[in-house]
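A.B. asks: here is my input; please provide its structure:
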Amino acid sequence: MNDESLLQFPCDFSIKVIGGGDPGFQALVMERVRRYAPDLDEARVQVRDSRAGRYQAVTVTIHARDRAQLDAIYRDLSAHPHIKMAL
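C.D. replies: As a prediction, this is how the structure comes out:
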């Protein structure tokens, strides 16, 4: 099997980010993603609180140019201490 990506770039790609339920979490995620996808459309951002309100999931859909862009976004998100997971 070869290492070629199953994705065909450019493409729309959703990233789900999970972290604490503090009020600034959505802004934090958007600021981090915009570093690599400055054309992020706020209409393509969804926020969902956990049942108990302790966690929040922010899903952003970007128009990804290439695999390097996605890798950079995931590295940046994963490095922040308030972000528990990026999928």
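A.B. asks: and stretch 17-27, what's buried?
C.D. replies: Val17, Ile18, Gly19, Phe25, Gln26 (16 or more other C-beta atoms under 10 Å). Yep, even glycine has a C-beta here, placed from its N, CA and C like the rest.
A.B. asks: select from those every entry located in helices.
C.D. replies: Phe25, Gln26 (DSSP state H).
A.B. asks: for the longest helix seen in the chain, C-alpha coordinates in PDB please.
C.D. replies: Among the segments of the chain that qualify as a helix by DSSP H, the longest is helix 67-79. Extracted in PDB, the C-alpha atoms of helix 67-79 (Å, rounded to 0.1, in the frame of the first residue of the first chain):
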ATOM      1  CA  ARG A  67      -1.800  18.200   3.900                       C
ATOM      2  CA  ALA A  68       0.900  20.600   5.300                       C
ATOM      3  CA  GLN A  69      -1.700  23.100   6.200                       C
ATOM      4  CA  LEU A  70      -3.800  20.500   8.100                       C
ATOM      5  CA  ASP A  71      -0.700  19.200   9.900                       C
ATOM      6  CA  ALA A  72       0.200  22.800  11.000                       C
ATOM      7  CA  ILE A  73      -3.300  23.400  12.300                       C
ATOM      8  CA  TYR A  74      -3.300  20.200  14.300                       C
ATOM      9  CA  ARG A  75       0.200  20.800  15.700                       C
ATOM     10  CA  ASP A  76      -0.800  24.300  16.800                       C
ATOM     11  CA  LEU A  77      -4.100  23.200  18.400                       C
ATOM     12  CA  SER A  78      -2.600  20.300  20.200                       C
ATOM     13  CA  ALA A  79       0.100  22.400  21.700                       C
END
